[in-house]
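Chemist: Have a look; sequence and predicted model below, questions after that.
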Amino acid sequence: MPAVAGPPPPSTLRAANAEERVGLDQTLFSLGYLLNYAKRDLANDYDTDPHRQFVIDAEGELALNVERLGPVPPKFGIDLYYKDSYSAAAEAIQNLKTLVGLGTGAPTSSREYLINKVEEHLGHAREAVARMQ
């Protein structure tokens with residue numbers, strides 16, 4: 001009778017700790033809110049009060065997100081899906097910072113492009129979270 005393979009050995013990679021997981025979850029929730037806010041703001045011109053309020057609100061929330069997300073995870077020894085989600089969230093934050101920094105004269109297509117990149121990175125981050133240990 002052929003030998004039956006047993007279960008694979010447990011992973012030597014450490015799962016994200018509770019603080020890391022909470023910070024990531026809060027960041028992803030906030031990024032989803034900012035993404036929707038940015039989509040609603042597309043109709044506003046740069047020199048309008050609603051757009052200025054979006055910029056103020058987004059800058060504040062992005063600063064909080066950087067704190068929530070915490071330090072870059074170590075290169076080795078941690079759940080790969082956590083690292084992947086962290087990287088995608090960090091890219092989404094960077095794209096939103098670029099979006100907020102656009103000034104008068106930037107075409108609407110630039111705003112749309114950055115919003116699409118945020119949506120892409122956020123989706124990738126959420127997929128990775130679903131696979132975390």
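Modeler: Here it is on my side, so go on.
Chemist: Show the contacting residues for the most centrally placed residue in the chain.
Modeler: Of all residues in the chain, the one closest to the mean position by C-alpha atoms, centre = their mean is residue 89, 2.2 Å from it. Contacts for residue 89 (C-beta atoms under 8 Å, 6 or more residues apart in numbering) come out as 24, 27-28, 31, 65, 69, 121-122, 125. The way it works is simple: take the backbone N, C-alpha and C, and place the C-beta from them, glycine included.
Chemist: For this protein, give me the ranges with low pLDDT.
Modeler: 1-2, 7-11 (pLDDT under 70).
Chemist: what about the helices in it?
Modeler: For the chain, the helices defined by DSSP state H cover 18-41, 49-69, 80-101, 108-130.
Chemist: can you tell which of those helices is closest to residue 12?
Modeler: helix 80-101 (11.7 Å; C-beta to C-beta).
Chemist: Now the closest one - C-alpha only, PDB.
Modeler: Output of helix 80-101 as PDB, limited to C-alpha atoms (Å, rounded to 0.1, in the frame of the first residue of the first chain):
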ATOM      1  CA  LEU A  80       3.200  36.900   3.000                       C
ATOM      2  CA  TYR A  81      -0.500  37.900   2.600                       C
ATOM      3  CA  TYR A  82      -0.100  40.400   5.400                       C
ATOM      4  CA  LYS A  83       2.900  41.900   3.600                       C
ATOM      5  CA  ASP A  84       1.100  41.900   0.300                       C
ATOM      6  CA  SER A  85      -1.900  43.600   1.800                       C
ATOM      7  CA  TYR A  86       0.300  46.100   3.600                       C
ATOM      8  CA  SER A  87       2.100  47.000   0.400                       C
ATOM      9  CA  ALA A  88      -1.100  47.400  -1.600                       C
ATOM     10  CA  ALA A  89      -2.600  49.600   1.200                       C
ATOM     11  CA  ALA A  90       0.600  51.700   1.200                       C
ATOM     12  CA  GLU A  91       0.400  52.200  -2.600                       C
ATOM     13  CA  ALA A  92      -3.300  53.200  -2.300                       C
ATOM     14  CA  ILE A  93      -2.300  55.800   0.400                       C
ATOM     15  CA  GLN A  94       0.500  57.100  -1.900                       C
ATOM     16  CA  ASN A  95      -1.900  57.400  -4.900                       C
ATOM     17  CA  LEU A  96      -4.400  59.300  -2.700                       C
ATOM     18  CA  LYS A  97      -1.700  61.600  -1.500                       C
ATOM     19  CA  THR A  98      -0.800  62.300  -5.100                       C
ATOM     20  CA  LEU A  99      -4.500  62.900  -5.900                       C
ATOM     21  CA  VAL A 100      -4.900  65.300  -3.000                       C
ATOM     22  CA  GLY A 101      -1.800  67.200  -4.200                       C
END
